[in-house]
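J.: based on what follows, work out the 3D shape:
(one chain, ligands or ions: 2)
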Amino acid sequence: MIGGGRIGEALVSGLLQSGFATKDLVVVEKFPARTEELATEYSIRVTDSIADAAEGADVLVIAVKPGDVDVVLADLGKADLDSDREKLLMSLVAGVPTSRYENKLPAGSPVVRVMPNTPMLVGEGASVIAAGRHVKPDHLALAREILESVGTVTVVPESQIDAVTAVSGSGPAYFFLVAEAMIDAGVALGLTRATTTELVVQTMTGSAAMLARSGENAADLRAAVTSPGGTTAAAIRELERGGVRTAFYEALAAARDRSAALGSSGD
Ligand SMILES: NC(=O)C1=CN([C@@H]2O[C@H](COP(=O)(O)OP(=O)(O)OC[C@H]3O[C@@H](n4cnc5c(N)ncnc54)[C@H](O)[C@@H]3O)[C@@H](O)[C@H]2O)C=CC1
Ligand SMILES: O=C(O)[C@@H]1CCC=N1
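T.: Ligands and ions are numbered 1, 2, ... in the order given. Predicted coordinates for the structure are as follows:
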């Protein structure tokens, strides 16, 4: 795991909780305080040397910011890696296409681009994978196996990954924002923060469970809550007046465009 930040830690933590052995994971982290934190929290080996971790690894996971990918690739290029041992590279980096890795790695290197999300920290991640040019079914199966230990896995063509990033990669932030706004609104109505937080969290959890399990679509489930002339209709009217639907269209298009831009500029 190259990059032990938020997403790197989420995957490491999820993998360990799902039964991966600490001896099978090595994290490369360049920020010393972070190195210390990860080693203490998870009892895994954390190093600041990419060469040290990559030697002997079957899978390299890249979890640095898009702007740091070229440095990582340069370090991998300098490392004296065992060329007989094929390594699967899994990039969790937003925006960066598989071709950027393929152009810098030895010819024929298998690269899988992944768009994960942070709920993998609690085993509820939604990971989406796209195969690079040299990926064979076995590589895809291995990537799937790793990611399925922390949530669901969906395979799409790489042309769809920027859109997927807008939906599920950034998606948790939209839900957290809605939760934050609802909690503040409940407090404005006079409820305690503790009570309103508990109610919002359970309402979100319960609604998500209904969406996942009831077999009904979101529009029908919403209609079932909306009594004629009732409270929900009054609330939805205000949300629509506030442009909530258009805001989501625009927000997801902005995220998709930003993902594409990160891939070309890297910053
Ligand atoms: N945070 C999220 O919800 C999601 C993030 N991603 C992607 O995951 C990647 C990482 O994001 P975060 O974890 O949020 O960022 P972060 O900034 O928390 O973590 C990146 C880590 O990489 C380390 N690092 C940078 N250069 C390094 C190098 N050369 N060698 C070793 N370590 C190095 C940094 O010290 C830092 O700890 C990004 O590319 C992002 O696009 C993808 C999906 C969701
Ligand atoms: O905000 C970002 O760029 C990353 C990618 C998806 C979620 N977080």
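
J.: for ligand 1, what's the nearest residue on the stretch 51-200 of the chain?
T.: Closest approach between the stretch 51-200 of the chain and ligand 1, counting by C-beta to the nearest ligand atom: A94, at 3.1 Å. The way it works is simple: take the backbone N, C-alpha and C, and place the C-beta from them, glycine included.

J.: residue ranges with poor pLDDT in the protein?
T.: Scanning the chain for pLDDT under 70 picks out 80-84, 265-267.

J.: just want the residue of it that's nearest ligand 1.
T.: G5 (1.6 Å).

J.: now do that residue against ligand 2, distance only.
T.: According to C-beta to the nearest ligand atom, to the nearest Å, G5 stands 11 Å off from ligand 2.

J.: on that earlier part again, pretty sure the residue of the stretch 51-200 of the chain closest to ligand 1 belongs to a helix, no?
T.: No: A94 sits outside any helix when classified using DSSP: H, G, I helix; E, B strand; the rest coil, being coil.

J.: now do the contacts for it.
T.: Going by C-beta atoms under 8 Å, 6 or more residues apart in numbering, A94 touches 66, 115, 165, 169, 259, 262.

J.: enumerate the residues of this protein near ligand 2.
T.: Proximity of the chain to ligand 2 (C-beta under 6 Å from any ligand atom) is limited to residues 94, 165, 169-170.

J.: quick one: buried residues of stretch 162-175?
T.: Buried residues in stretch 162-175, counted by 16 or more other C-beta atoms under 10 Å: 162-171, 174.

J.: any chance of those in CSV, with secondary structure too?
T.: Compiled in CSV, the buried residues of stretch 162-175 are given as follows (three-state DSSP):
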residue, secondary structure
D162, helix
A163, helix
V164, helix
T165, helix
A166, helix
V167, helix
S168, helix
G169, helix
S170, coil
G171, helix
Y174, helix
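
J.: in a markdown table, list those along with distance to V122.
T.: Formatted as a markdown table, the buried residues of stretch 162-175 follow (distance: C-beta to C-beta, whole Å):
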| residue | distance to V122 |
| --- | --- |
| D162 | 26 |
| A163 | 25 |
| V164 | 20 |
| T165 | 21 |
| A166 | 22 |
| V167 | 19 |
| S168 | 15 |
| G169 | 17 |
| S170 | 18 |
| G171 | 15 |
| Y174 | 18 |
